[in-house]
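Asks: curious how this folds, go ahead:
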Amino acid sequence: MILQKKDFVEIEFTGKIKGGEIFDSNIKKDLEKLNPNANPKPLIFSLGEGMFLKGIDDFLMDKEIGKYIIELSPEKAFGPRVKEFVQMVPIKLFQGQNIRPVPGAVFNFDGRIAKVLSVSGGRVMVDFNNPLAGKDVIYEINVLRKVDDLNEKIKSFIDFLFRRELKFSVQNKKLIIEVEKNLTQFIEMFKDKFKDVLDLELEVKEIENPPKEAQ
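Replies: From the prediction side, this is the model:
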């Protein structure tokens, strides 16, 4: 069975820095090296749709189900290091959030992960490069199966887009997702993506917000 663009596949994987340590995995014995308490989760994604690393996407298309070792250069993995991404930030930005910056600490700046390199007086040197930028990486991939079940595809795509489970149903070629009123417009922004990836028209059904628990 040859894998093609838009096919959904389930994989087991471990990512390593070339010549170095593991940085990501969904295999229990490898994941425990990063976090002994972590629980591995299945990974299902659609090929060529930006749901996983592009270098892996490109490699797996036109391949068969099975095991592969994939070596990726920085350009095909997490990008080269960009010196302009190392910036000086006023320490008051940290103090305003009651954060004490120390070298090696990692913070989230408006969705961008940043590592503190040094602190001097009222200034903090911060690196906004991806921690894996500039590194050659190796992925050990086991393509377990091609996913044909539509509900599995939808569930994995919803999890990828919204990082949560949402109640849904399918009627003919229409996907109906039930969400709280305050999320309706946000979910509707992805109508074109659902059509492109799953060939389903999206309808968002509003439900009442769940009552708040008594304090």
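Asks: mind checking pLDDT for residue 212?
Replies: Looking at residue 212, its pLDDT is 55.
Asks: check residue 208 too.
Replies: In this prediction, residue 208 carries a pLDDT score of 77.
Asks: tally of neighbours for it?
Replies: For residue 208, the neighbour count with other CB atoms under 10 Å is 7. (Glycine included, C-beta is placed from N, CA and C.)
Asks: what's the spacing between it and residue 183?
Replies: 12 Å (CB to CB, to the nearest Å).
Asks: my read: residue 204 touches residue 179, true?
Replies: Yes. Between residue 204 and residue 179 a contact is recorded at 6.1 Å, counting by CB atoms under 8 Å.
Asks: so what sits against both of those two?
Replies: Counting by CB atoms under 8 Å, 6 or more residues apart in numbering, the common neighbours of residue 204 and residue 179 are residue 187.
Asks: same for the lowest-mean-pLDDT helix or strand in the chain, what does it pack against?
Replies: Here the helix or strand of the chain ranked lowest by mean pLDDT, DSSP states H and E is strand 106-109, holding a mean of 83. When contacts are defined as 3 or more CB pairs under 8 Å, 6 or more residues apart in numbering; DSSP states H and E, strand 106-109 sits against strand 112-120.
Asks: what's the average pLDDT for the strand it packs on?
Replies: For strand 112-120, mean pLDDT rounds to 91.
Asks: in the next helix-or-strand element following that strand, which residues are buried?
Replies: Next in sequence after strand 112-120, counting helices and strands by DSSP states H and E, comes strand 123-127. Neighbour-count burial for strand 123-127, counted by 16 or more other CB atoms under 10 Å, picks out 124-127.
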